[in-house]
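> this one's structure only:
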């Protein structure tokens with residue numbers, strides 16, 4: 001429900017409306033990933049950013065879906081606007097990813113690609129741990 005005195009939908013309402021109208025070939029994968037991200041940590045909120053679901057922690061965007069490809073869902077892990085300093089390509093990453101799901105693009109940004117519902121289901125514990133590790137590493 002929109003905030004009192006406002007006609008603008010809440011972040012969750014934005015996402016639900018987006019998902020209702022979305023026709024991405026891997027919509028089921030997106031729904032499973034969304035479920036995993038939201039279940040990973042208390043305090044995660046969501047809204048639409050870059051025409052896709054984005055997840056905030058501590059009021060700052062941390063994880064955003066990229067839906068520009070039809071063969072996979074790209075999950076972008078980033079530090080948000082409160083990041084300390086500029087990101088550096090080739091620098092050591094924020095933390096050691098024990099899940100093996102991250103492809104580091106810089107010291108402060110990484111991505112994961114998911115191609116099927118089965119892949120998300122098989123990796124649900126790793127996804128939860130990854131989200132928790134990311135939020136811990138990027139919390140200021």
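Received the coordinates, thanks. From a predicted model like this one, the values you see are computed outputs, not experimental measurements.

> relative to residue 41, how far out is the nearest residue to residue 58 once chain neighbours are set aside?
Distance criterion Cβ to Cβ, 6 or more residues apart in numbering; nearest residue to residue 58, sequence neighbours excluded, is residue 139 at 6.1 Å. Where C-beta positions appear, they are placed from N, C-alpha and C, glycine not excepted. As for residue 139, its distance to residue 41 is 10 Å (criterion: Cβ to Cβ, to the nearest Å).

> of those two, who's got more company?
residue 41 (16 against 12; other Cβ atoms under 10 Å).

> where do the contact lists of residue 139 and residue 41 overlap?
Taking Cβ atoms under 8 Å, 6 or more residues apart in numbering as the criterion, residue 139 and residue 41 both touch residue 57.

> which ones are touching the closest residue to residue 100 other than its chain neighbours?
In this structure, residue 100 finds its nearest non-sequential neighbour in residue 126, 7.6 Å apart by Cβ to Cβ, 6+ apart. Residue 126 makes contact with 99-101, according to Cβ under 8 Å, 6+ apart.

> got a PyMOL select line for the buried ones in those?
Selection of buried members from the contacts of residue 126 for PyMOL, criterion 16 or more other Cβ atoms under 10 Å:
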select buried, resi 101
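
> and which of the contacts of residue 126 is nearest to residue 28?
Distance ranking of the contacts of residue 126 against residue 28, using Cβ to Cβ, places residue 101 first at 19.0 Å.

> and the closest one, that's in a strand?
No. Residue 101: not assigned to a strand; according to DSSP: H, G, I helix; E, B strand; the rest coil it is coil.

> check contacts around it.
So residue 101 contacts 112, 123, 126-127, 130 (Cβ under 8 Å, 6+ apart).

> can we see that at 10 Å?
The contact partners of residue 101, taken as Cβ atoms under 10 Å, 6 or more residues apart in numbering, are 75, 77, 110-114, 123, 126-127, 129-130.
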